[in-house]
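Asks: here is a sequence together with a model predicted from it:
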Amino acid sequence: IIHDPYKELYDKELNVFQLVNGKYEPYNMDTNCYMPELTLGLVMWEGLFENASAPFVRWCDGEGTLMRTGAEGIIEEAKRADDAEEAKLAEAKRADEAEEAKLAEAKRADEEAKRADEEAKRADEAEAKVQALLKKLADMGLPPLD
């Protein structure tokens, strides 16, 4: 495989040869230079690689999909780990918020129960006062009020 970007040696930028009977002959290539015996192909690609932006020869599959480089794999794995960590943190935050809401609801229920108990106590005290007044009236010989 010879990458000749300035076409100084050959008419094409990418040249692939195969050894046939001790002699190198041009390899019959399709668009992506797919080599079925290797289940790999080559394709020209332009982009950033090892801090250089230029045309490069990249490995690809039969459909022309680029094989990732080691650096690309590391970046993808780091992104996947970051995304998983973000998802984990978001889930923890949702769980914390749900727990806080649950505690706030329990606090509201406790306060409501306390208010109800206080109202019941005041009603009982008022009823006791009414009964005490009715008893005093009865003791004084006055008829009960309707």
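Replies: Happy to help now that I have it.
Asks: quick one: the helices in the protein?
Replies: 70-139 (DSSP state H).
Asks: shaky segments in the chain?
Replies: 30-32, 145-146 (pLDDT under 70).
Asks: and the residue nearest the centre of it?
Replies: residue 87 (4.1 Å; Cα atoms, centre = their mean).
Asks: that one and residue 112: what is the separation?
Replies: 37 Å (Cβ to Cβ, to the nearest Å). Placement of C-beta: from N, CA and C, glycine included.
Asks: same question for residue 28.
Replies: 84 Å.
Asks: same thing with residue 54?
Replies: 72 Å.
Asks: same check, this time on residue 136
Replies: Counting by Cβ to Cβ, the gap from residue 136 to residue 112 is 36 Å.
Asks: same thing with residue 129?
Replies: For residue 129, the distance to residue 112 - Cβ to Cβ - is 26 Å.
Asks: over to residue 12?
Replies: For residue 12 relative to residue 112 (Cβ to Cβ), the value is 83 Å.
Asks: compare those two and say which is more crowded by neighbours.
Replies: residue 12 (13 against 10; other Cβ atoms under 10 Å).
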